[in-house]
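In: what follows is a protein structure lacking sequence information:
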């Protein structure tokens, strides 16, 4: 496995590096840490080229610190400083050249502790990347686990939504960690039913049916635990689940995503906001 880590010399960047270290130790991955320096175009003023060189040197210092942190947890990583107009485009281009299995980044730092807040770079990746994107929740670098213990796949509850279970099984199988299928169901789309009991029964029946279909689609998969979380809203269903820093949640892209591209849908965005474990968003299948 190969990881491309998008790094910024900020607490957000440290969260992404911490997650990369945990993933690398779990899946025996090789790691490239990438920092993108803004490209400075000539404008007729002297010193522009020197300023560009200064930015690169500073970037090299910063990314070396990230590589040193990974070395402290037993992960050998390569430092890379790129010059580009777009951080996200440069990062994706590098990851494609390296045939990376994951792009790893931290979320923005302006949300509540825990959970995920999408910043500009992360937002660009989550609406264009052809490679799965792993997101570290806020504060992950403060007390990261040694390894990942469990992989959970959020199985879709609507026809047409992409199923991330195949990727989750591949990920879990790479290190023999446990895997489970999760269905999140709510009353929001069941307003035609009369009583709360009817709504709950419909929720659970639909979720269990989806889990059975998912399991049949992958007959050679290892033993998979099935979990259904239901509530009045998606957020209330999420609150019934307990997440650990050593868990990873895998979610699929929106039905509106282009084939082989990540596109974060509204439901997935709400899941991100309500989960304080690392999340991997998988590109839509062909």
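Out: Looks like it came in fine. Treat the numbers as computed from the prediction; the structure is a model and nothing was measured.
In: all helices for the stretch 51-200 of the chain, in order.
Out: 87-97, 120-125, 165-173, 196-217 (DSSP state H, counting those that start in this stretch).
In: tell me, how many residues neighbour residue 78?
Out: Residue neighbour count, defined by other Cβ atoms under 10 Å, stands at 12 for residue 78. No exception for glycine: its C-beta is placed from N, CA and C like everyone else's.
In: check contacts around it.
Out: Residues near residue 78 by Cβ atoms under 8 Å, 6 or more residues apart in numbering: 31-33, 67.
In: domains of the protein?
Out: Residue ranges for the domains of the chain, per automatic domain parsing: 2-142, 150-243.
In: any chance of those in JSON lines with mean pLDDT and distance to residue 281 as columns?
Out: What follows is the domains of the chain, written out as JSON lines (pLDDT from 0 to 100; distance: least, Cβ to Cβ, whole Å):
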{"stretch": "domain 2-142", "mean pLDDT": "89", "distance to residue 281": "5"}
{"stretch": "domain 150-243", "mean pLDDT": "74", "distance to residue 281": "8"}
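In: and these: which comes nearest residue 277?
Out: The closest of the domains of the chain to residue 277 is domain 150-243. By Cβ to Cβ, the value is 4.0 Å.
In: and the end-to-end length of the closest one?
Out: For domain 150-243, the first and last residues are 10 Å from each other (Cα to Cα, to the nearest Å).
In: tell me what the stretch of helix or strand residue 23 belongs to is packed against?
Out: In this structure, residue 23 sits in helix 11-27 according to DSSP states H and E. Using 3 or more Cβ pairs under 8 Å, 6 or more residues apart in numbering; DSSP states H and E as the contact criterion, the elements in contact with helix 11-27 are strand 2-6, strand 30-38, helix 48-72, strand 102-106, strand 133-136.
In: the last one - contacts with which helices or strands?
Out: Contact here means 3+ Cβ pairs under 8 Å, 6+ apart; on that basis strand 133-136 packs against helix 11-27, strand 102-106, helix 120-125, strand 279-281.
In: if we go to 7 Å?
Out: Taking 3 or more Cβ pairs under 7 Å, 6 or more residues apart in numbering; DSSP states H and E as the contact definition, the neighbouring helices and strands of strand 133-136 are helix 11-27, strand 102-106, strand 279-281.
In: which stretch among the domains of the chain is buried most, on average?
Out: Using mean count of other Cβ atoms under 10 Å, the stretch among these with the greatest mean number of neighbours is domain 2-142 (a mean of 19).
In: end to end on it, go ahead and measure it.
Out: Counting by Cα to Cα, you get 24 Å between the two ends of domain 2-142.
In: how about the helices and strands packed on helix 11-27 in a markdown table, adding distance to residue 165?
Out: Conversion of the helices and strands packed on helix 11-27 to a markdown table gives the following (distance: least, Cβ to Cβ, whole Å):
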| stretch | distance to residue 165 |
| --- | --- |
| strand 2-6 | 22 |
| strand 30-38 | 26 |
| helix 48-72 | 30 |
| strand 102-106 | 17 |
| strand 133-136 | 17 |
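In: compare those and give me the one nearest residue 82.
Out: Here strand 30-38 is closest among these (Cβ to Cβ), at 4.9 Å.
In: list the helices and strands the closest one packs on?
Out: In terms of contact count using 3+ Cβ pairs under 7 Å, 6+ apart, strand 30-38 is assigned the packing partners strand 2-6, helix 11-27, helix 48-72, strand 77-84, helix 87-97.
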